[in-house]
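[1] Sharing a model that was predicted from the sequence below.
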Amino acid sequence: MFSKGNIGLLVFTAIIAIILSVLSYQYSSLTANKIAGIASDDVRSNARIEAYHLSQILIQSIEAITNNLKALTNSLPVLNSENQTVQFLLNNAQDSTNNLTNAYYLLNSSGSVISSSNSGMELRPQAGLDLSKTEYFLAPRNTKLPYYSTVKQSDEGATIYVSYPIFDNRNDKLENTVQNNTTETFRGVIVSAIDVEKVGNFLQGKLSPELISNVGLMDKNGIFLYARNESLIGQNFLSDDFQSTIPSEIKDSYNDILKRSLGSESGSEDISFNDKTSTISYQPVAIDAKQLWTLYIGSPHTLTSDVGLLIDQQKNFSTIVVMAIGAIAIGISFVILSWNKSLKASVRNRTLELKSANDSLTESNRLLAAANEQLKVHDKMQKEFINVAAHELRTPIMPILGDAQYIERQFNSEDPRIQIERDQISSLIRNAKRLDRLASDILDVTRIESKSLRLNKEKFNLKDMIYSILTDVKKYDSEVTKFPEIKYTPKDVIVEADKGRLSQVLANLLSNAVKFTEKGTITIDTSESDKEVIVSVRDTGTGIDPEVYQKLFSKFITKSDRGTGLGLFISKSIIESHGGRIWAENNLDGLGATFYFSLPGSSHSEA
Amino acid sequence: MSDNSSDIDPIKLMVVDDERDILRIIKRDLEADENPFKVDVFHSSELALQEFDIHPKDYYDLILTDIRMPKMNGFELYRRIKEKNPAMKIAFITAFEINRDEFNKVLPSIDVKDFIIKPISMSDLIVKLKLIVKRS
């Protein structure tokens, strides 16, 4: 259907389309991965900011508690054991940090509860309760430093205890600062019980609502202080309870993240499982310039997969678009090629039509040129005829006029004698006859061409006619000095024809023969068969010029310097109107020519 | 012959024409008593050339020749004579439908004294010939 080149073009277009599709797909993939990376970075960055923000809130809230504790340890009512006032202060402290704490207590130096805030929890420690065995009493007493417990399960739920030691150094301050240590008197501890559930709710409540996240809090030993899953609270992250909740595929990486998180650096890391990604951000929480805890925000998100899905769609879409464009390009190429093909075909057809039209035009031009050429030839012949006719008409006039004027002048002279010579009269007659013959010829041609040549047929003996002509010819051409010999063997041949016209033909042939034969003989012969009578005139002259042979019997054809070229044309017309033929041939011996004419045979001949 | 014509050398004229009747009247009328011509007539170019060679090259004062003649036509005669004597005056006399311009187109350098168209009356011819001879 198409040429090789066109099929090549189609294949080329298809290959280009496929390459573009692949490139587009690759580029989309690359872009998709970049977008996914940017999206993940963004998510991680947001989570980290969130973690930092949340840790700051947590620190502020914890600092509110520690500030309360510090203030209480230094307050005079505490030091002076003004129990009523202490109760009031503890209640105030509890009111101010009610969002996190369940209670504040004052323990004496022996670890018994002196007083506790009455707001908040119902089950607060009653006065007199011995808490001397607790870490939150022993640790600050021994270290003289604030104490932060790990999470403890108590009657009030999971609780973190923060305790500050109370030292009374009022008496010795002014006396001996050097012996400060020895003079300090341990007076007990102030404890605040931080409710883990409250902390969890607090933290969860501070999270941006649009972030579906889990908050966790771990102490520096890796023990969960708070987790959504309450059963994990108090557990080390390495414990079986926690480890069993982690899918084995991500266990190692997850544990690595948690281990890293226990350091002093904040961070944000992704962990993926089953197309689901969680961003885990961790932020160390330092209180009193001491790193105590690590805050976690775990944000499971489908962003990467969502973006991936979108990007996959985009990839597929752009690939399909490119393929569609390719297909359309191929289609268009196909259509254009088909169109081009039909266009080519129609151009070819038109070219062929034009060519044939051109050919026929060339042909008609050629015919026209030929016709024109013929016309030119005809024109030339016509001109030639006019020239020849003028010559033949004018030439006899001069001697006629010359002689006549010569004689006339004699009448005008005084000499009464008029001298007229025979020669002059002969010349007058001869030239007048010449004019007469020319006039007759022209008239004959006119008759022939208007098809009004009439024949007056009669039966006569050819022999008589030939004798008569021979006499006339000799007379007419008497001026020719060397007159050729004319041979004729008389035979009686009876024909039925126009005697005058036939004489004209024979005289014409004879005069032509004489004209072209300077010396030698002219032979007239007649022969008769059943069918026809043939008369021939044979001369030993110059022969027929090949130049005129083909048109010998046409008008205006002559090689003579005398005559109009009408004679043979008239002869031919006369013979043909008798039903005969006229022809001529050069003699085989190379001397002269023979002219023949035939007449239809007469049924009877006489001896 | 009159005294007048015997005193002066006659104009020697060669006339060539295949029409014997024309040669006859030209010779007769040009050599008539009152005319200063000595006319030699020839009915073919060949005979005329033979006669021309007999005499000195400037023997004839003027050659008057027909154009359409058997065998050697007037142009050929003109060429042959001019070969022998380029200064020879030649005039044509013809019954052809010819004018000088047409001839000049074909033969621009041809030195032809006149084209005389037949038929011409003898008195006119004599005037023309006298003019040609006197002019040069």
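    Cool, got the structure.
[2] show me where pLDDT drops low in the chain?
    Chain wasn't specified; assuming chain A. Scanning chain A with the threshold set as pLDDT under 70 gives A:1-2, A:119-124, A:170-183, A:209-212, A:302-305, A:308, A:475-482, A:558-563, A:602-607.
[3] switch to chain B, that's the one I care about
    Regions of chain B meeting the criterion pLDDT under 70 cover residues B:1-8, B:98-110, B:135-136.
[4] remind me, longest helix of the chain?
    Assuming you mean chain A. The longest helix of chain A (DSSP state H) is helix A:303-412.
[5] other chain: chain B
    In chain B, ranked by residue count with DSSP H as the criterion, the top helix is helix B:122-135.
[6] Please spell out which residues along that helix are buried.
    Neighbour counts over helix B:122-135 (16 or more other C-beta atoms under 10 Å in any protein chain shown) mark B:122, B:125-126, B:128-129, B:132-133 as buried. The way it works is simple: take the backbone N, C-alpha and C, and place the C-beta from them, glycine included.
[7] from those residues, which two are the most distant?
    Across the buried residues of helix B:122-135, the longest distance by C-beta to C-beta is 16.5 Å; it joins B:122 and B:133.
[8] okay, now the closest residue to residue A:254 other than its chain neighbours: neighbour count?
    When the adjacent residues along the chain are set aside, residue A:254 lies closest to residue A:246, with 5.3 Å between them (C-beta to C-beta, 6 or more residues apart in numbering or on different chains). Residue A:246 has 17 neighbours, counted by other C-beta atoms under 10 Å in any protein chain shown.
[9] go on, residue A:573?
    Taking other C-beta under 10 Å as the criterion, the count of residues near residue A:573 is 21.
[10] Then residue A:29?
    The local packing of residue A:29 (other C-beta under 10 Å) involves 14 other residues.
[11] go on, residue A:523?
    Summarising burial for residue A:523: neighbours were counted as other C-beta under 10 Å, giving 18.
[12] Which of the three states applies to it?
    Following DSSP: H, G, I helix; E, B strand; the rest coil, we place residue A:523 in the strand state.
[13] What spatial separation is found between it and chain B?
    Separation of residue A:523 from chain B (C-beta to the nearest C-beta, to the nearest Å) stands at 23 Å.
[14] is that residue in a bridge, and if so with what?
    Note on residue A:523: beta-bridge partners by DSSP bridges are residue A:487, residue A:538.
[15] So it is in contact with residue A:535, correct?
    No. Between residue A:523 and residue A:535 there is no contact, the gap being 11.5 Å when judged by C-beta atoms under 8 Å.
[16] How about residue A:158: what's its closest non-neighbour residue?
    residue A:196 (3.7 Å).
[17] Okay, buried residues for stretch A:582-595 please.
    Buried positions in stretch A:582-595, judged by neighbour count with 16+ other C-beta under 10 Å: A:582, A:584, A:586, A:592-595.
[18] what does stretch A:28-40 give?
    Along stretch A:28-40, the positions that meet the burial threshold by neighbour count (16+ other C-beta under 10 Å) are A:28, A:32, A:35-36, A:39-40.
[19] Dump those into TSV; add distance to chain B and secondary structure as well.
    Converted to TSV, those look like this (distance: C-beta to the nearest C-beta, whole Å; DSSP: H, G, I helix; E, B strand; the rest coil):
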residue	distance to chain B	secondary structure
A:28	92	helix
A:32	97	helix
A:35	99	helix
A:36	103	helix
A:39	105	helix
A:40	108	helix
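[20] Around chain A, pick out the residues from chain B.
    When proximity is defined by C-beta under 8 Å from any C-beta of the partner chain, chain B lies next to chain A at B:18-22, B:24-26, B:28-29, B:68-70, B:73, B:94-97, B:117-122.
[21] one more time with 10 Å
    By the criterion of C-beta under 10 Å from any C-beta of the partner chain, the positions of chain B lying close to chain A are B:17-26, B:28-29, B:32, B:43, B:66-71, B:73, B:93-98, B:117-123, B:125.
[22] among the residues you listed, which ones are buried?
    Neighbour counting with 16+ other C-beta under 10 Å marks B:17-19, B:21-26, B:28-29, B:43, B:66-69, B:73, B:93-96, B:98, B:117-120, B:122, B:125 as buried within these.
[23] All the helices of chain B, in order from the start?
    Under the criterion DSSP H, chain B contains helices at B:3-7, B:20-30, B:45-54, B:74-84, B:100-106, B:122-135.
[24] related to what we said a few turns ago, farthest-apart pair in the buried residues of stretch A:28-40, please.
    A:28 and A:40 (18.1 Å).
[25] what sits against the most centrally placed residue in chain B?
    Ranked by distance to the mean C-alpha position of chain B (C-alpha atoms, centre = their mean), the top residue is residue B:64 at 1.2 Å. With C-beta atoms under 10 Å, 6 or more residues apart in numbering or on different chains as the criterion, the residues that contact residue B:64 are B:13-17, B:26, B:30, B:39, B:41, B:74, B:89-93, B:113-114, B:116, B:125, B:128-129, B:132.
[26] Could you find the closest non-adjacent residue to residue B:26?
    According to C-beta to C-beta, 6+ apart, the nearest residue to residue B:26 is residue B:15 (5.4 Å).
[27] Distance-wise, check the one you found relative to residue B:84.
    In this structure, residue B:15 and residue B:84 are 18 Å apart, going by C-beta to C-beta, to the nearest Å.
[28] any idea where the helices of the stretch 101-250 of chain A begin and end?
    If you assign secondary structure with DSSP state H, counting those that start in this stretch, the helices in the stretch 101-250 of chain A sit at A:135-143, A:180-183, A:196-206, A:240-243.
[29] which residue does the stretch 1-150 of chain A bring closest to chain B?
    Closest approach between the stretch 1-150 of chain A and chain B, counting by C-beta to the nearest C-beta: residue A:3, at 63.1 Å.
[30] just to revisit the earlier point, which one of residue B:15 and residue B:84 has more residues nearby?
    Taking other C-beta under 10 Å, residue B:15 and residue B:84 do not tie; residue B:15 has more neighbours (23 against 11).
[31] Might you report the residue contacts of that one?
    By C-beta under 10 Å, 6+ apart, residue B:15 lies in contact with B:22-23, B:26-27, B:30, B:37, B:39-43, B:48, B:62-66, B:93, B:129.
[32] Against chain A, how distant is it?
    Look at residue B:15 and chain A: by C-beta to the nearest C-beta, they are 13 Å apart.
[33] What's opposite that residue in the beta bridge?
    In this entry, residue B:15 is beta-bridged to residue B:41, residue B:64, by DSSP bridges.
[34] For it, give its distance to residue B:112.
    As judged by C-beta to C-beta, residue B:15 and residue B:112 stand 16 Å apart.
[35] Up against chain B, what does chain A have?
    For chain A, the residues in contact with chain B (C-beta under 10 Å from any C-beta) are A:383, A:386-403, A:405-406, A:409, A:421, A:423-424, A:426-428, A:430-431, A:434, A:479, A:481, A:515, A:518, A:560-562.
[36] repeat that with 7 Å
    Among all residues of chain A, those adjacent to chain B (criterion: C-beta under 7 Å from any C-beta of the partner chain) are A:386-387, A:390-391, A:394-395, A:397-399, A:401-403, A:405-406, A:427, A:431, A:479, A:561.
[37] tell me which residues of stretch A:496-511 are tucked away?
    Residues of stretch A:496-511 classed as buried by neighbour count (16+ other C-beta under 10 Å): A:497-499, A:501-511.
[38] Kindly report the same for stretch A:199-213.
    Here stretch A:199-213 shows A:199-200, A:202-203, A:207, A:213 as buried, counting by 16+ other C-beta under 10 Å.
[39] Around the residue in the stretch 401-550 of chain A that chain B sits nearest to, how many other residues sit close by?
    Residue of the stretch 401-550 of chain A nearest chain B, by C-beta to the nearest C-beta: residue A:402 (3.4 Å). The number of residues packed around residue A:402, counting by other C-beta under 10 Å, is 26.
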